[in-house]
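A.B. asks: Fold the following.
(one chain, ligands or ions: 2)
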Amino acid sequence: MLHSFLIKYAEIGVKGKNRYIFEDALIQQIKYGLRRLDGHYGVTKVSGRVYVECPEDFDYDGTVDVLRHVFGITAFCPMERIADRSIESIKKSAVEYIRNNYDKTDFSFKVDTKRADKGYPLNSMEADAIVGEAILEAFPETRVDVHEPEEVIHIEIREMINIYSKVIRGAGGMPIGTNGKAMLLLSGGIDSPVAGYMTAKRGVVIDAVYFHAPPYTSERAKQKVVELAELVSRYAGPVYLHVINFTDIQLYIYEKCPHDELTIIMRRYMMKIAERIANENDCLALVTGESIGQVASQTLKSLYVTDEAVKTMPVFRPLIGLDKQEIIDISEKIGTYETSIQPYEDCCTIFVAKHPVTKPNLKVIKHSEESLSEKIDEMLEEALQNDELIIVGKRSSGEEDK
Ligand code: ATP
Ligand code: MG
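C.D. replies: Numbers count the residues shown, from 1 in each chain. Ligands and ions are numbered 1, 2, ... in the order given. From the prediction side, this is the model:
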């Protein structure tokens, strides 16, 4: 008996040539995910279907966990594949399948047999009846309901017999690598990892940039961001994280500009640096975790002024219309929340004014920025030159087929 998973993906928009790009990217991401686990997995595409073949003593929960993190999978089904095509073997295996995959068996079901091999001695309805009876006998608490069954036990008669029924929901979205690359401004907070997740979900590769301000922000705060990038990489694949030392720029702004404008000016320079790194790394957009009105620096006016700093690419804010609680719900679901709430200082809050402007005026802000003209360009260059690149979530692809 072969332990496998049948991978289901939405085929809308996956027509013609795109289909291969989509499927190949999907297979690559599944393989990437499975590298976390022991044993040899095979991921194959057979006549328009993607299968994961598991090793003999495979880690079921671990495998399910990996597959749940792969964008592009709408659902997946544990599947048993048997070589012995006799009806006796099918009966026995169907019963075993149910025993292995269900804790509770008081469900209604129907058997749905499909024959790719029309030469098989039984027709589909005969097979349905025989297997259904075997299930009723082994699990008397089940009942047959052909109209609205809770479980459909699929039997496929092909070159081998496929048995599956249980459907596990996948992450949805599009496979990573089908939609270009974007640069995420990743802080240690709750929002930006969620913004990264949502962008990656549409098939976008994520690079990230983190601004830290040692010694005002600690090594531990940076480590937390690396951990968040690692959690995002479980969905997004390897993340190239650029760590930019922002201390001198912050101190300079603090020295030269009105303190109530600090946050907004700092954010504009973060955007400018992120844009430069994005351009150098073929990213087509910036991504932030901002949502309208969440804090002073995210009023619509503030967003307007922040956005104006970026000239060559769009800035995506996938959380724009979400309430904080909705963002928290997603961060809990994707597993970043616990790390995000660890209390480490954030470079934005260190120098923050008691009463930051909530309605910045672009002209006024630009005027304030003029007082930085002497040194700021040089400082930006220096910050870019000292870019520390940390590659997060990279797994050796030495074993190609794994
Ligand atoms: P988050 O929870 O993502 O930190 P926040 O609610 O704390 O967001 P801000 O601190 O105003 O909001 O930051 C808004 C956005 O700016 C963040 O979502 C992130 O994209 C970016 N950002 C803020 N601080 C940093 C930083 N130190 N490094 C990189 N990006 C940052
Ligand atoms: Mg923050």
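A.B. asks: Contact partners for the residue in the stretch 51-200 of the chain positioned nearest to ligand 2?
C.D. replies: Nearest residue of the stretch 51-200 of the chain to ligand 2, counting by CB to the ion: residue 189, 3.5 Å away. (C-beta placed from N, C-alpha, C; glycine too.) Going by CB atoms under 8 Å, 6 or more residues apart in numbering, residue 189 touches 289, 340, 346.
A.B. asks: Could you pull up phi and psi at the closest residue to the first one other than its chain neighbours?
C.D. replies: Which is residue 289. Excluding its sequence neighbours, the residue lying closest to residue 289 (CB to CB, 6 or more residues apart in numbering) is residue 191, at 3.0 Å. Note on residue 191: backbone dihedrals following degrees, to the nearest 10 are phi -80, psi -50.
A.B. asks: Get me the contact residues on the stretch 151-300 of the chain for ligand 2.
C.D. replies: Proximity of the stretch 151-300 of the chain to ligand 2 is confined to 187, 189 under the rule CB under 5 Å from the ion.
A.B. asks: Mind jotting down where the helices sit in the stretch 151-300 of the chain?
C.D. replies: Here the stretch 151-300 of the chain has its helices, by DSSP state H, counting those that start in this stretch, at 191-200, 219-236, 247-256, 262-280, 300-307.
A.B. asks: Need the winner for burial among these.
C.D. replies: helix 191-200 (a mean of 26; mean count of other CB atoms under 10 Å).
A.B. asks: Specify the angle between it and helix 219-236 in degrees.
C.D. replies: Interaxial angle, helix 191-200 versus helix 219-236 (axes from the mean of the first three to the mean of the last three CA atoms, to 10 degrees): 20 degrees.
A.B. asks: need the contact list for residue 117.
C.D. replies: Applying CB under 8 Å, 6+ apart, one finds that residue 117 lies in contact with 157, 158, 159.
A.B. asks: Which residue comes closest to the second one once chain neighbours are left out?
C.D. replies: For residue 158, the nearest residue in space outside its immediate sequence neighbours is residue 116; the separation is 4.6 Å by CB to CB, 6+ apart.
A.B. asks: Likewise for residue 174?
C.D. replies: residue 203 (3.3 Å).
A.B. asks: just to revisit the earlier point, you'd agree the residue nearest to residue 289 is up against residue 287?
C.D. replies: No. Because the distance of 10.9 Å does not satisfy CB atoms under 8 Å, residue 191 is recorded as not touching residue 287.
A.B. asks: For the residue nearest to residue 190 when sequence neighbours are not counted, what are phi and psi?
C.D. replies: Computed as CB to CB, 6+ apart, the closest residue to residue 190 that is not its neighbour in sequence is residue 340, at 4.3 Å. Main-chain dihedrals, residue 340, degrees, to the nearest 10: phi -60, psi -30.
A.B. asks: surely residue 340 meets residue 228?
C.D. replies: Yes. At 6.6 Å, residue 340 and residue 228 qualify as touching, with contact defined as CB under 8 Å.
A.B. asks: what do those two both touch?
C.D. replies: 188, 193.
A.B. asks: still on that earlier bit, let me have the helices of the stretch 151-300 of the chain in JSON lines, adding mean pLDDT and distance to ligand 1 as columns.
C.D. replies: Output for the helices of the stretch 151-300 of the chain, formatted as JSON lines (pLDDT from 0 to 100; distance: least, CB to the nearest ligand atom, whole Å):
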{"stretch": "helix 191-200", "mean pLDDT": "98", "distance to ligand 1": "3"}
{"stretch": "helix 219-236", "mean pLDDT": "96", "distance to ligand 1": "8"}
{"stretch": "helix 247-256", "mean pLDDT": "96", "distance to ligand 1": "10"}
{"stretch": "helix 262-280", "mean pLDDT": "97", "distance to ligand 1": "6"}
{"stretch": "helix 300-307", "mean pLDDT": "95", "distance to ligand 1": "8"}
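A.B. asks: To residue 170, which of those helices lies closest?
C.D. replies: Nearest of the helices of the stretch 151-300 of the chain to residue 170, taken as CB to CB: helix 219-236 at 11.5 Å.
A.B. asks: Tell me the helices and strands packed up against that closest one.
C.D. replies: helix 191-200, strand 205-212, strand 239-245, helix 337-340, strand 388-392 (3 or more CB pairs under 8 Å, 6 or more residues apart in numbering; DSSP states H and E).
A.B. asks: Residue numbers of the stretch 51-200 of the chain in contact with ligand 1?
C.D. replies: 185, 186, 187, 189, 190, 191, 192 (CB under 6 Å from any ligand atom).
A.B. asks: Just flag the most distant two among those residues.
C.D. replies: Maximum pairwise distance among these (CB to CB): 14.0 Å, between 185 and 190.
A.B. asks: just to revisit the earlier point, show the buried residues in the contacts of residue 117.
C.D. replies: Neighbour-count burial (16 or more other CB atoms under 10 Å) applied to those gives residue 157.
A.B. asks: Out of the contacts of residue 117, which sit inside strands?
C.D. replies: residue 157 (DSSP state E).
A.B. asks: And the contacts of residue 117, which is closest to ligand 1?
C.D. replies: The closest of the contacts of residue 117 to ligand 1 turns out to be residue 158 (CB to the nearest ligand atom; 48.9 Å).
A.B. asks: From residue 210, how far off is the closest one?
C.D. replies: Residue 158 sits 50 Å away from residue 210, taking CB to CB, to the nearest Å as the criterion.
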